[in-house]
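Engineer: next comes the sequence, and after it the predicted model I'd like to discuss.
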Amino acid sequence: MHAMAAEGRLEDARAAVVAAWSLVHGFATLAATGNLAGAGLTGRTDGDALLDLARRAAGMLYGSPGRDPDHG
């Protein structure tokens, strides 16, 4: 996002921020209400498993492998 802004693509950078924020907020809502588990979309439901799933989902949109480089 910073690269987009640096290239003068401020509107794209803003849209990327909104998209990421919306994805994470929606994911958190689905997890908190039990809808992810109820739909059978989670294995383990501890914080690390949910965080990994959220990173993987975001990575599908942003092109990263969805792994935390600091925690394996």
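Structural biologist: Ah, there it is.

Engineer: make it CA atoms for all contacts and neighbour counts henceforth
Structural biologist: Noted.

Engineer: buried ones in stretch 44-52?
Structural biologist: 50-51 (16 or more other Cα atoms under 10 Å).

Engineer: and the next element down the chain from the longest helix that the chain contains?
Structural biologist: Criterion DSSP state H: the longest helix present in the chain is helix 10-32. Helices and strands here follow DSSP states H and E; after helix 10-32, the next one along the chain is helix 35-38.

Engineer: what separates that following helix from the chain centre, distance-wise?
Structural biologist: Centroid displacement of helix 35-38 relative to its chain, using Cα atoms, centre = their mean, to the nearest Å, is 17 Å.

Engineer: before we move on, what about stretch 51-65?
Structural biologist: If you compare the mean C-alpha spot of stretch 51-65 with that of the full chain, they lie 5 Å apart, counting by Cα atoms, centre = their mean.

Engineer: just stretch 26-33 next, same as before
Structural biologist: Between the centre of stretch 26-33 and the centre of its chain there are 12 Å (Cα atoms, centre = their mean).

Engineer: which residues does that stretch contact?
Structural biologist: Taking Cα atoms under 8 Å, 6 or more residues apart in numbering as the criterion, the residues outside stretch 26-33 that touch it are 36-37, 50, 54.

Engineer: give the buried residues for that stretch.
Structural biologist: Buried residues in stretch 26-33, counting neighbours by 16+ other Cα under 10 Å, are found at 27-28, 31.
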